[in-house]
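> how does the following fold in three dimensions:
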Amino acid sequence: FLTGKAEERLSFDIQREIAEALGYHDRPGLSAVERFMKHYFLVAKDVGDLTRIFCSALEDQQAKDTPGITGVISRFRNRVRKIAGTLDFVDDGGRIALAGTDV
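The predicted structure is shown next:
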């Protein structure tokens, strides 16, 4: 909106204007634009984390059984396998995961 065109980047030249428009003010130790950018990146990280969780859940829902004899055998096998050479990680259906909650 500030640049008058479609823009997907939050460039340095408009960060200060956006911080002011959103009501960010200088505080001891951080300027308004620093506070805005810190908040922006924290929110962006949360969005990324939630997106990964959501996509992982969708992948699990959409996962199809392997056809044929391999599919029959895999139903009887544990889908979590230890990764050779490591104690802390396992292969959980094609994803690397922690071996336990205490890791």
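
> so which elements touch the lengthiest helix in the chain?
In the chain, with assignment by DSSP state H, the single longest helix is helix 32-62. Helix 32-62 is packed against helix 12-21, with contacts defined by 3 or more C-beta pairs under 8 Å, 6 or more residues apart in numbering; DSSP states H and E. Heads up, the C-betas are built off the backbone N, CA and C, glycines and all.

> and the helix it packs on, which residues are buried?
By neighbour count with 16 or more other C-beta atoms under 10 Å, helix 12-21 contains the buried residues 15, 18-19.

> what is the mean pLDDT for that helix?
Mean pLDDT, computed over helix 12-21, is 93.

> can you offset everything so residue one is 447?
Done: numbering now begins at 447, and the last item shifts to helix 458-467.

> and it, how far out from the chain's middle?
Distance, stretch centre to chain centre, for helix 458-467: 26 Å (C-alpha atoms, centre = their mean, to the nearest Å).

> just the CA trace of it, in PDB.
Provided in PDB are the C-alpha atoms of helix 458-467 (Å, rounded to 0.1, in the frame of the first residue of the first chain):
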ATOM      1  CA  PHE A 458      14.300  -1.000   5.000                       C
ATOM      2  CA  ASP A 459      12.900   2.100   3.400                       C
ATOM      3  CA  ILE A 460       9.300   1.400   4.400                       C
ATOM      4  CA  GLN A 461       9.800  -0.400   7.800                       C
ATOM      5  CA  ARG A 462       9.900   2.900   9.700                       C
ATOM      6  CA  GLU A 463       6.700   4.100   8.000                       C
ATOM      7  CA  ILE A 464       4.900   0.900   8.800                       C
ATOM      8  CA  ALA A 465       6.100   0.900  12.400                       C
ATOM      9  CA  GLU A 466       4.700   4.400  12.800                       C
ATOM     10  CA  ALA A 467       1.400   3.600  11.100                       C
END
